[in-house]
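1. Give me the fold of what follows.
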Amino acid sequence: MAESTSVALVGIGGYGSIYVSALLEAAGRVREQQFIAAVDPSPALCDRLEELRGRQIPIYASLETLYEHHRPDLVVISSPFHLHAAQAVTALEHGSHVLCEKPMCVTVRQAQEMRCARDRAGRHVAIGYQWSFSPAIQRLKSDIQAGLFGRAKRLKTIVLWPRDESYYGRNRWAGRQYDEQGGPIFDSPVSNACAHYLHNMLYVLGAQTDRSAAPDRVTAELYRAHPIENYDTAALRCWTVDGVEILFVVSHATRQTHGPELRYEFEKAVVTFAEHRGGEIIARFNDGAERNYGSPWESSDTGKLWATLRAIRSGAPTVCGIEAAVAQTQVTAAVQESMPSPLPFPPNLVRVEGEPGARKTWVEGLEAVLAESYQQCRLPSELNVEWARAGRSVDVAEWRDLPAPRRRARVAS
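-> Residues are numbered from 1 along each chain as shown. Next up, the predicted model:
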């Protein structure tokens with residue numbers, strides 16, 4: 001490794017703009033890394049494009065074109081997530097280390113391909129679940145591993161994040177199951193926007209720092225209110241191979257925002273976090289004692305970038321790599337298999353309000369149903385909600401994959 005680590009960034013708009021700012025602002029004061037190039041077929045979406053050009057940082061339309069001119073030590077991938085696997089494999093085959101944004105990929109087969117490419121290249125691959133790089137989560141996970149709380153019994157999380165039509169119209173893949181060529185996307189709140197919180201439940205239960213708990217079986221209920229191919233609302237139950245119940249309740253179709261809120265139940269303590277109640281992780285023991293782990297947001301979004309650069313230079317393993325992230329991919333695949341065709345909400349409950357271009361779609365009474373689901377640890381169909389239907393139980397084998405697509409799904413009317 002050269003004294004200065006060269007960095008290329010794939011994706012400079014959207015979330016990638018955070019990396020652009022971090023790398024540009026570090027350039028004048030941190031000499032350990034050098035921002036040498038970027039990749040984006042639509043660079044005009046970057047709000048610091050002129051500064052990139054002013055600093056003579058070249059921008060290429062593809063990763064393959066970048067490698068005709070450069071050999072970066074680290075490639076940071078912040079592109080649409082259905083492109084992650086192919087771009088990570090390309091970077092590894094050219095000898096670069098990789099920091100890949102969450103979610104890691106779409107299918108478990110893609111995760112296998114990334115793992116094989118990493119092992120062939122002998123390079124470092126980190127997956128950008130920023131909570132996993134947070135000191136608060138690392139402290140919590142260490143205490144769980146040490147047995148401080150006793151056996152895990154149930155972990156649950158609720159995230160209600162309304163999204164308007166601009167969210168689903170911002171690109172050609174949001175809410176889609178397949179792209180125009182029939183390639184898998186399966187964008188959803190479980191696979192993408194709220195993936196952090198599903199991953200975190202699996203991650204903190206992992207027996208090693210860089211591992212997550214292995215899922216065993218999954219049952220999901222999937223619904224949609226927006227005119228999309230995939231689902232915007234989900235309630236799912238996952239059992240790990242160690243018999244721990246994981247409940248995840250998410251929606252982009254509620255009127256109000258709530259969460260993330262989590263409750264992790266152990267034999268000797270209950271661990272809670274609520275964004276609206278101070279935003280700190282608190283463990284309350286059965287004897288009344290408390291332990292405050294701080295906020296999982298205490299490190300910035302770019303903390304994973306600096307941690308990855310340190311790990312590359314030192315040769316230390318990442319705290320969150322392919323083996324840690326694949327459990328979320330496995331569960332997401334099983335969720336789709338549990339209910340391949342998401343159910344539309346009853347039209348008489350769907351409300352659409354606002355100005356064209358920013359109209360908000362929400363479901364009457366949905367917040368109350370999902371709150372009760374979270375509180376009682378029961379899926380909506382188990383609450384006898386009229387519009388709810390149970391998905392089938394899916395066994396999750398190691399590195400299980402989604403079935404190959406037979407046809408491209410049609411956009412819901």
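
2. Quick one: mean pLDDT for the longest helix out of those in the chain?
-> If you go by DSSP state H, the chain has its longest helix at helix 322-338. The pLDDT scores in helix 322-338 average 96.

3. again with stretch 37-46
-> 95.

4. Residues in contact with it: which ones?
-> For stretch 37-46, the surrounding residues in contact (Cβ atoms under 8 Å, 6 or more residues apart in numbering) are 8-14, 16-17, 20, 49, 52, 57-63, 65-66, 69-70, 72, 79. Just so you know, the C-beta spots here come from the backbone N, C-alpha and C atoms, and that holds for glycine as well.

5. By neighbour count, sort out the buried ones in those residues.
-> Neighbour counting with 16 or more other Cβ atoms under 10 Å marks 8-14, 16-17, 20, 49, 52, 57, 59-60, 63, 66, 70, 72, 79 as buried within these.

6. Just the ones of those residues in helices?
-> 16-17, 20, 49, 52, 63, 66.

7. how about the helices of the protein, start to end?
-> Counting by DSSP H, the helices of the chain are 16-27, 49-54, 63-66, 84-93, 108-121, 135-145, 165-169, 195-204, 303-314, 322-338, 366-376.

8. one step back: Throw the ones in helices among the buried ones among the contacts of stretch 37-46 into JSON lines and include distance to Val244 and pLDDT, thanks.
-> Rendered in JSON lines, the data for those read as follows (distance: Cβ to Cβ, whole Å; pLDDT from 0 to 100):
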{"residue": "Gly16", "distance to Val244": "35", "pLDDT": "94"}
{"residue": "Ser17", "distance to Val244": "37", "pLDDT": "95"}
{"residue": "Val20", "distance to Val244": "39", "pLDDT": "96"}
{"residue": "Leu49", "distance to Val244": "47", "pLDDT": "95"}
{"residue": "Leu52", "distance to Val244": "46", "pLDDT": "96"}
{"residue": "Leu63", "distance to Val244": "39", "pLDDT": "97"}
{"residue": "Leu66", "distance to Val244": "43", "pLDDT": "98"}
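
9. Which of the residues you listed sits closest to Trp362?
-> Distance to Trp362 across these (Cβ to Cβ) is lowest for Ser17, with 28.6 Å.

10. is it true that the closest one touches Leu49?
-> No. Between Ser17 and Leu49 there is no contact under Cβ atoms under 8 Å: 10.0 Å.

11. Let me see the contact set for Arg139.
-> By Cβ under 8 Å, 6+ apart, the neighbours of Arg139 are 293-294.

12. Now do it against Thr209, distance only.
-> According to Cβ to Cβ, to the nearest Å, Arg139 stands 12 Å off from Thr209.

13. Likewise for Arg310?
-> In terms of Cβ to Cβ, Arg310 sits 15 Å off from Thr209.

14. Neighbour count: these two, which is higher?
-> When Arg310 and Thr209 are compared for neighbours, Thr209 comes out ahead with 16 against 12, by other Cβ atoms under 10 Å.

15. quick one: contacts for the more buried one?
-> Thr209 neighbours (Cβ under 8 Å, 6+ apart): 138, 141, 317, 319.

16. any idea of the pLDDT on the first one?
-> Gln138 carries a pLDDT score of 97 in this model.

17. Quick check: nearest residue in space to it, chain neighbours excluded?
-> Val319 (6.7 Å; Cβ to Cβ, 6 or more residues apart in numbering).

18. related to what we said a few turns ago, farthest pair in the contacts of Thr209?
-> Lys141 and Pro317 (14.6 Å).

19. Could I get the contacting residues of Glu93?
-> 117, 120-121.

20. ok, of those, which one's closest to Ser96?
-> Ala121 (8.2 Å).

21. Could you list the low-pLDDT ranges of this protein?
-> By pLDDT under 70, the low-scoring segments of the chain are 1-2, 28-31, 276-278, 397-413.

22. What residue in it is the furthest from its centre?
-> Asp287 (35.2 Å; Cα atoms, centre = their mean).

23. give the contact list for the nearest residue to Glu64 once chain neighbours are set aside.
-> Spatial nearest neighbour of Glu64, chain neighbours left out: Thr90 (6.7 Å); criterion: Cβ to Cβ, 6+ apart. Going by Cβ under 8 Å, 6+ apart, Thr90 touches 63-64, 67.
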